[in-house]
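Asker: coords please:
(one chain, ligands or ions: 1)
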Amino acid sequence: MAYEKVWANDEKLSKEEIHKLKKDGLDILNDIDRYAKEGFASIPQEDWGHFKWAGLYLQKPKEAGYFMMRVNIPTGIITNEQAIALANIGKDYGRDVIDITTRQAIQYHWLTIEQLPDIYRRLGEVGLSSIGACGDIPRTIVGNPLAGIDRNELMDTREIVNDVYHFFQRNSDFSNLPRKFKMSISSNTQNAGHDLINCLAFTPAAKVIDGEEKIGFHVKVGGGLSAKPYLAEELDVFVLPEDVKDVAIAITTVYRDYGYREKRHRARLKFLVADWGKDKFREKLIEVYGKELPTKGEDKIENWNAGYFYGVHPQKQEGLSYAGFNVPVGRMDSEQLLQLADVAKRYGNGEIRTCNSQNVVIPNVPNDKVEELLAEPVFEKITIQPNSFIGYSVSCTGIEYCNLALVETKEKTRRLAEYLDEHIQLDVPVRIHMVGCPNSCGQRQIADVGLQGVLMKTKEAGMVEAFEIYVGGTLEKDHAQFNEKLKGRVKAEDLESVLKNLFAFFKEEKVVGEDFYNF
Ligand code: SF4
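Answerer: Residues are numbered from 1 along each chain as shown. Next comes the predicted model:
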């Protein structure tokens, strides 16, 4: 792959681009051991941003020298030894805080430069990596957390995900993309991979080719959230399983070579797709791919489960079940993860699966062991049938650790959901997503109720934390839309009572079984 082609657009480069030309993001990996020996003060400030390629962000305030680390969990599958290693890293180095992200990854906080070599060693020993979890590079691949056990999947996507993930891991041909590049690969008919909000999504499809029905994928490009969100566009192509990697490489190449590099906020693939349109994008894809692809077949997505799998469900393997549990706002301590690993080993095959909804699934439990599993003490807090609000609340990292945050989010979301559960009982779940800034890591736009943190000037107290409220987001098939902003802002201290009134009204006016989107 010709690295020089990166500047095909022949445009002016942003200052970040110029810095990336002087030092590739992945080159930071050569420096970490030295910086660990010499201490945080030895790291020049121009290198701080490059730590992203190693899966690390400096926490707030940056000068304090603490890192947040994101570990890739492709399609959300964690083996037992990986779960134990992740829990022990959290215990030994991460002050016991372990977060599940909205891209099925695991996040730590409070790491120091001195600890990184040992953390990398421990991750490497169990086949995990944080490299490429952040930075202008293909990120961890999201997908179906039930891959391989799912009665709602056309095919097991584990091998494809791993193949694509390992191709892009530490691949210097693709370590200087215009910005982050998010992929989803799923064959789940309930759209567990959140197709429409990814830069590139492979979704379940079928097509008759030469008289035989083939299972494969459709392709969507140019989705993304942040301040200017776009739903992905479907290209007129059908991709066979064996071609997924090459198509992913071709699309990433188009982005690398034609994506915008002049203004950072315009550098995502979604802007190129919006400007070109899907037909021109398809043409360029075929040119780079080097041969024609079949046109679209039959879309096999039936609906959208929003990444929730609560309860006990039969697997495609006779006699086995999986159980979906709620991790409130995706935050665990190390002991809880160790306990999950322990019960997963004793009742299942040891695996834990992470979901886009920041929750977990324990797979491969023999049906006659399910009752015993559910009686384990760890499931008093990580519950199988959570209440309507806490069970469907998602939160980004927020001001505790994130440099871009305007408000605190995690604790606020948990308290808000618990308050609402105490005061309002609904017969349907309501998905609430809270984010601390417009970057929307907590995927505010696809929530029934999205809460976006802002700072608001008040007469009595000066600047205070406040929220914009957005309603009506969904990725439901044929109705996908981002939520819309309600007028005004609400002070953080008034959020509970305002939302209580909103949901009380909803409860009173709705018909039985009616959900928030259809209200
Ligand atoms: Fe930080 Fe904003 Fe992302 Fe929240 S949405 S984690 S505040 S960048």
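Asker: residue 292 and residue 286 touch, don't they?
Answerer: Yes. Under the criterion of C-beta atoms under 8 Å, residue 292 makes contact with residue 286 at 6.0 Å. C-beta: built from backbone N, CA, C; applies to glycine.
Asker: looking only at neighbour counts, state which of those two leads.
Answerer: Taking neighbours as other C-beta atoms under 10 Å, residue 292 and residue 286 compare with residue 286 leading, 15 against 8.
Asker: so that one sits in a helix?
Answerer: Yes. Using DSSP: H, G, I helix; E, B strand; the rest coil, the secondary structure at residue 286 is a helix.
Asker: who touches it in this structure?
Answerer: 292-293 (C-beta atoms under 8 Å, 6 or more residues apart in numbering).
Asker: go with 6 Å
Answerer: Residue 286 sits next to residue 292 when contact means C-beta atoms under 6 Å, 6 or more residues apart in numbering.
Asker: any idea how far it lies from the ligand?
Answerer: For residue 286, the distance to the ligand equals 35 Å [C-beta to the nearest ligand atom, to the nearest Å].
Asker: where does residue 203 land in three-state SS?
Answerer: Following three-state DSSP, residue 203 is assigned to strand.
Asker: what does the pLDDT read for it?
Answerer: What the model reports as pLDDT for residue 203 is 98.
Asker: residue 193 is in contact with that one, correct?
Answerer: No. Between residue 203 and residue 193 there is no contact under C-beta atoms under 6 Å: 7.0 Å.
Asker: who has more neighbours, those two?
Answerer: Applying other C-beta under 10 Å to residue 203 and residue 193 shows that residue 193 carries more neighbours, namely 31 against 26.
Asker: tell me the contacts of the closest residue in space to the more buried one that isn't next to it in sequence?
Answerer: Among residues not flanking residue 193 along the chain, residue 186 sits closest, at 3.1 Å (C-beta to C-beta, 6 or more residues apart in numbering). For residue 186, the contact set (C-beta under 6 Å, 6+ apart) comprises 143-144, 192-193.
Asker: okay if I get those residues as a markdown table plus secondary structure, pLDDT and distance to residue 415?
Answerer: As requested, these are arranged in a markdown table below (DSSP: H, G, I helix; E, B strand; the rest coil; pLDDT from 0 to 100; distance: C-beta to C-beta, whole Å):
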| residue | secondary structure | pLDDT | distance to residue 415 |
| --- | --- | --- | --- |
| 143 | strand | 98 | 32 |
| 144 | coil | 98 | 32 |
| 192 | coil | 95 | 29 |
| 193 | coil | 96 | 31 |
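Asker: could you look up the SS state of the nearest residue to residue 163 once chain neighbours are set aside?
Answerer: Closest residue in space to residue 163, ignoring its immediate chain neighbours: residue 245 at 5.4 Å, by C-beta to C-beta, 6+ apart. The three-state assignment at residue 245 reads helix, by three-state DSSP.
Asker: any idea how many residues pack against residue 245?
Answerer: Residue 245 has 18 nearby residues by other C-beta under 10 Å.
Asker: ok, it to residue 18 distance?
Answerer: 32 Å (C-beta to C-beta, to the nearest Å).
Asker: about what we covered before: pull the most distant pair out of the contacts of residue 186.
Answerer: 143 and 192 (7.2 Å; C-beta to C-beta).
Asker: about what we covered before: which among the contacts of residue 186 gets closest to the ligand?
Answerer: Closest approach to the ligand among these (C-beta to the nearest ligand atom): residue 193, at 20.4 Å.
Asker: can you pull the contacts of the closest one?
Answerer: Listed by C-beta under 6 Å, 6+ apart, the contact partners of residue 193 are 142-143, 184, 186.
Asker: between those residues, which is closest to residue 484?
Answerer: Using C-beta to C-beta, residue 184 is the member of the contacts of residue 193 that lies nearest residue 484, at 24.6 Å.
Asker: and that closest one, helix, strand or coil?
Answerer: Three-state call for residue 184 (three-state DSSP): strand.
Asker: report how many residues lie close to it.
Answerer: That count, for residue 184 with other C-beta under 10 Å as the rule, works out to 28.
Asker: what's near enough to touch it?
Answerer: If you count contacts by C-beta under 6 Å, 6+ apart, then residue 184 has 142, 193, 195, 198, 201 around it.
Asker: if we take those residues, which one ends up nearest to residue 133?
Answerer: For the contacts of residue 184, the nearest to residue 133 is residue 142 (12.0 Å; C-beta to C-beta).
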